[in-house]
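Chemist: Structure for this input, please:
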Amino acid sequence: MTTRFIVVRHGETEWNVAGRVQGQLDSALTPSGRAQAVAIARRVATEPFDLIVSSDLGRAMDTARCIAAHRAIPVIPDARIRERHFGVGQGHTYEELDLKWPNVFTRGGRTDPDIVVPDGETRRQFQERVCGAFEALAREHDGRRIVVVCHGGVLAALYRIINGIALVEPHRIPIANASYNAIAFEAPAWAIEAWGDTAHLPDVVPFVES
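Modeler: All right, here's what the predicted structure looks like:
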């Protein structure tokens, strides 16, 4: 059977605006981020789904609760779909991270997927975690439709997995806050049904993950 997912990135946060690496630290939704969460909640409310799973980080849970409010169903927190852990680099700006730990978070050029910030995850470890989490969810809820609220890095990892893009290769992937993304899993294959849809969000400029 096919398991389907609506995958949503959390609403805009204060650190998104400041250009700081959040990783597994947290930052509050901005007023715009809260409005985005309401908008995606209204969009998703028009579609059938069976359950809501969210990263247990606050910015994702706050977005997921907006969606859950339309169905009066609980949000299931899941640490497996947290953002990548950037170790001691968390809280730094992207420019600071690039200076101190080159190629850990790169938007251009080939990169070593096994480079790591101290106490953090490599790109390879992160992608393996994301892949394992979504395949497990697909098998745990075979044949159902699941709303998953997560992070830009998680969506970028999924995009690479589904499209067979090597971890070392640069590939610019637009991922807007509170965007609508739909994927399907019928073992062993993944398919993208919709990506980066922001029709419910006016004047959005997407963050580009690579």
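Chemist: Now the residue lying closest to Y180 once chain neighbours are set aside. Its backbone dihedrals?
Modeler: Spatially, and ignoring its direct neighbours in sequence, Y180 is nearest to D197 (4.1 Å; Cβ to Cβ, 6 or more residues apart in numbering). Using the backbone N, CA and C atoms, a C-beta is placed for each residue, glycine as well. Reported as degrees, to the nearest 10, the phi and psi values for D197 are phi -80, psi 120.
Chemist: if I pick D197, what's in contact with it?
Modeler: The neighbours of D197, taking Cβ atoms under 8 Å, 6 or more residues apart in numbering as the test, are S179, Y180, N181.
Chemist: which ones among the residues you listed are found in strands?
Modeler: Y180, N181 (DSSP state E).
Chemist: just to revisit the earlier point, and the residue nearest to Y180, what's its pLDDT?
Modeler: At D197, the model reports a pLDDT of 94.
Chemist: cool, I76 as well?
Modeler: 98.
Chemist: What about it, how many residues nearby?
Modeler: Other residues lying near I76 total 15 when counted by other Cβ atoms under 10 Å.
Chemist: Next one: it from A199, what distance?
Modeler: 27 Å (Cβ to Cβ, to the nearest Å).
Chemist: cool, V7 as well?
Modeler: On the measure of Cβ to Cβ, V7 and A199 end up 16 Å apart.
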